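S.K.: The sequence and its predicted three-dimensional model are supplied below.
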Amino acid sequence: FLTDLGLFSRLAEIFPNESVANSPGLLPLLLRALQQTAAWQRESELLDAHGGLLPRYELFARRAIVAAKSGDTAALASQWGAALDEAKSVSGATAYLALRRLAGDAGMQDEAEQALIAAIRTGRGPLPLYADLKPLLQSLSARDRENALLEICAIYLSLEPSNPVLLTQYAYLALLNRLATPETIIEAMKPLAGAFPKELPIQCALAAAYLAGDLPEEAAAVFAPLEIVPEKLAPAYRAVWLATRVATGKLEKSAPEIVRFPLQDLHQSERRMFGKWLRE
């Protein structure tokens, strides 16, 4: 009742840690109350006394949270590592997803990401939809972790094989990282581009494959039906469009659009692919 009302301080006052000995069902409620009131020392004592009632991965995770909130970085690393190790013994992704929730609720985003990636690597269980992975994918992209992005895409292709967003992302990453030939990517993307003629990410992936295959006129034909406003394009999309313009003789490399282009906003693999048109 007190938990439902959000009266966590009152709950912690009424029920001392010793109450759990006679009423084990109080443990999760009391843990929540102590976290909500930032009573980290008392939570540590509660875990020492009654942590055996919890799954081991959760016990280690909660100890990691206490360590994080107490500023003990060494204990955080060791306890969180132990939590991830314990989660391996649980079938499917359930334990990892529980760790993700615990870390997320505690504001530990790096640990929450680690747990989610570990869950995805199991390839089974109640995994989130690919569309729900957007914060994780954006975080990995911002840190230029393309190998992790590729791994996640490859796993999800077996789970959502007809997802056009997923197919496009995987094809583009495979092209950038030379895991597939431009011809293979073109063959895979042409039907998708035909089915979604106005979807810029799909069209840009196809145009990039044409450029990589030394077919700039075909890349230009991809853009021809679209209403392109360069200033509104994300850097990667604008790079494909500008590279196509240079490759087809519509722009010189000395043009202001090229000179001012923020090459640093691209990933290393994108700079490698588009650099010869934008800078070299």
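M.R.: Right, received. Where do you want to start? Residues are numbered from 1 along each chain as shown.

S.K.: can you map out the helices along the stretch 1-150 of the chain?
M.R.: 8-14, 19-22, 26-36, 40-50, 56-70, 73-87, 94-105, 109-122, 134-142, 146-159 (DSSP state H, counting those that start in this stretch).

S.K.: Mean pLDDT per helix and strand in the chain: which one sits at the bottom?
M.R.: helix 8-14 (a mean of 77; mean pLDDT, DSSP states H and E).

S.K.: Any regions of the stretch 1-150 of the chain where pLDDT drops low?
M.R.: Applying pLDDT under 70 to the stretch 1-150 of the chain picks out residues 1-8.

S.K.: Can you report phi and psi for Pro24?
M.R.: Main-chain torsions, Pro24, degrees, to the nearest 10: phi -60, psi -30.

S.K.: unless I'm mixing things up, it is touching Leu53, no?
M.R.: Yes - counting by C-beta atoms under 8 Å, Leu53 is a contact partner of Pro24 at 5.5 Å. C-beta coordinates here come from the backbone N, C-alpha and C atoms, glycine included.

S.K.: Neighbour count: the two, which is higher?
M.R.: More crowded of Pro24 and Leu53, by other C-beta atoms under 10 Å: Leu53, with 14 against 11.

S.K.: residues contacting that one?
M.R.: Val20, Pro24, Leu27 (C-beta atoms under 8 Å, 6 or more residues apart in numbering).

S.K.: Next, the contact list for the second one, please.
M.R.: I take that to be Pro24. Counting by C-beta under 8 Å, 6+ apart, Pro24 has contacts His50, Leu53.

S.K.: what about it, distance to His50?
M.R.: Distance, Pro24 to His50, using C-beta to C-beta, to the nearest Å: 8 Å.

S.K.: Now name the helix or strand holding Tyr170.
M.R.: helix 164-176 (DSSP states H and E).

S.K.: buried ones in that helix?
M.R.: Using 16 or more other C-beta atoms under 10 Å as the test for burial, helix 164-176 gives Leu166, Leu167, Thr168, Gln169, Tyr170, Ala171, Tyr172, Leu173, Ala174, Leu175, Leu176.

S.K.: can you pull the contacts of the residue nearest to the first one when sequence neighbours are not counted?
M.R.: Meaning Leu166. Nearest residue to Leu166, sequence neighbours excluded (C-beta to C-beta, 6 or more residues apart in numbering): Tyr130, at 5.0 Å. By C-beta under 8 Å, 6+ apart, the contact set of Tyr130 is Tyr156, Leu159, Glu160, Asn163, Val165, Leu166.

S.K.: how many neighbours does the closest residue to Gln114 other than its chain neighbours have?
M.R.: Closest residue to Gln114 in three dimensions, ignoring its sequence neighbours and counting by C-beta to C-beta, 6+ apart: Leu84, at 6.9 Å. Here the number of neighbours of Leu84 (other C-beta under 10 Å) works out to 19.

S.K.: what's the spacing between Leu84 and Arg121?
M.R.: 11 Å.

S.K.: And for Leu27?
M.R.: According to C-beta to C-beta, Leu27 stands 30 Å off from Arg121.

S.K.: From Leu173, how far out is the residue nearest to Leu166?
M.R.: Tyr130 is 14 Å from Leu173, by C-beta to C-beta.

S.K.: for Pro182, same thing?
M.R.: Distance from Pro182 to Leu173, by C-beta to C-beta: 14 Å.

S.K.: The least confident helix or strand of the chain - contacts with which helices or strands?
M.R.: Helices and strands touching helix 8-14, as assessed by 3 or more C-beta pairs under 8 Å, 6 or more residues apart in numbering; DSSP states H and E, comprise helix 26-36.
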